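Peer 1: Sequence isn't available, so here's the structure alone:
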């Protein structure tokens, strides 16, 4: 397979040149298993694992290969196996904090050009959830696009589009129905040869159906809607990179009901630019937006120019980020301590 079809470009070429050695080649991670990776290369698909040296030097989960990554590897073609030595620097990455109580980065997709944030126009429609996905998309370095799916199940499309516009300022919004082939042609400009689109959203919003529509075949399993709460049945269980025959690359992801933030300071400013612009107009620089005189934020809420629920969501996300930062600082300090302990033990063994 031609590397340019997979998204290879001059930036990655320059990064590869700096670490190139005899026997090294490059490939793109298409699928991540527990300790193995399916990698697409010019020589074909191989099953790869990271080298011992890679494991030793890896600074946490985020350093390991993720779907969409370009990796440097040595291939044993007769076995269709390979060893991964390096991950090339990512031009973008969509990350979240791993589900559960642990504070650790999980990279959902790497080297993405466009993020399709898919939300279903049924009873499970949730503008706050879209808001959260928007933050992660802005922080990733990719361009967000909102896809409002299952239009055939919605009676108040204009109202929901208006709600979405209020939290996705300046972001393209497309209303589609994959079942009835409505609005899909508007998505074609984002899916071009060598360009990667990651499809994100909760379970059952229609992500896999979109992938199947673009591939023209049943590439991924799809599920229906549960009648009790209008939520979708979970069908995709892993992240997978799919190369389209007519050009373009899609990364389908499992539904994420628990979308914990990870490093979204930039995303918060971009996603809530309306609130931050209002805050800059407050009379006092340290305005807490409570009862202070001359508060532009409170005035906008009182006059109906700013939705109070959106402002509450902004405050909640700020608190969540502050908590995450405190936890991460402690974890980094411990990781650094463990690293030096490992180095010290290694030096003693050499003596």
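Peer 2: Nice, I can see it. On a predicted model such as this, the values are computed, not experimentally measured, just so you know.
Peer 1: Please name the residues that touch the residue nearest to residue 249 when sequence neighbours are not counted.
Peer 2: Among residues not flanking residue 249 along the chain, residue 196 sits closest, at 4.4 Å (CB to CB, 6 or more residues apart in numbering). C-beta: built from backbone N, CA, C; applies to glycine. Listed by CB atoms under 8 Å, 6 or more residues apart in numbering, the contact partners of residue 196 are 7, 68, 111-114, 241, 248-251.
Peer 1: Which single one of these is nearest to residue 130?
Peer 2: residue 114 (16.2 Å; CB to CB).
Peer 1: Am I right that residue 15 falls within a helix?
Peer 2: Yes - assessed by DSSP: H, G, I helix; E, B strand; the rest coil, residue 15 belongs to a helix.
Peer 1: Quick one: residues in contact with stretch 110-118.
Peer 2: 7, 28-29, 66-70, 90-94, 130, 133-134, 137, 140, 142-147, 149, 187, 190, 195-201, 205-207, 210, 251.
Peer 1: How many neighbouring residues does residue 20 have?
Peer 2: 13 (other CB atoms under 10 Å).
Peer 1: for residue 170, same thing?
Peer 2: 8.
Peer 1: State the phi and psi torsions of it.
Peer 2: Backbone torsions of residue 170, given as degrees, to the nearest 10, read phi 80, psi 10.
Peer 1: domain ranges for the protein?
Peer 2: What automatic domain parsing lists as the domains of the chain is 3-87, 93-252, 265-345.
Peer 1: Go through those domains and pick out the most buried.
Peer 2: Sort the domains of the chain by mean neighbour count, taking mean count of other CB atoms under 10 Å, and domain 93-252 sits at the top with a mean of 19.
Peer 1: That domain: end-to-end distance?
Peer 2: Chord length of domain 93-252, first to last residue, is 14 Å (CA to CA, to the nearest Å).
Peer 1: how much space between residue 115 and residue 198?
Peer 2: Distance of residue 115 to residue 198, given as CB to CB, to the nearest Å: 5 Å.
Peer 1: Can you tell me the SS state at residue 134?
Peer 2: helix.
Peer 1: dump the residue contacts of it.
Peer 2: 117, 144, 146, 167-168, 171, 267, 271.
Peer 1: Pull the most distant pair out of these.
Peer 2: Spanning the widest gap among the contacts of residue 134 are 146 and 267, at 14.9 Å by CB to CB.
Peer 1: what about the spatially most central residue of the chain, which helix or strand?
Peer 2: Centroid-nearest residue in the chain: residue 94, 2.8 Å away (criterion: CA atoms, centre = their mean). Element membership of residue 94 [criterion: DSSP states H and E] is strand 93-97.
Peer 1: can you give me the helices for the chain?
Peer 2: Taking DSSP state H as the criterion, the chain carries its helices at 10-17, 52-57, 127-140, 157-167, 207-215, 265-271, 273-279, 296-302, 308-350.
Peer 1: and the ones you listed as a markdown table, adding mean pLDDT?
Peer 2: Output for the helices of the chain, formatted as a markdown table (pLDDT from 0 to 100):
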| stretch | mean pLDDT |
| --- | --- |
| helix 10-17 | 95 |
| helix 52-57 | 92 |
| helix 127-140 | 85 |
| helix 157-167 | 92 |
| helix 207-215 | 86 |
| helix 265-271 | 66 |
| helix 273-279 | 87 |
| helix 296-302 | 91 |
| helix 308-350 | 65 |
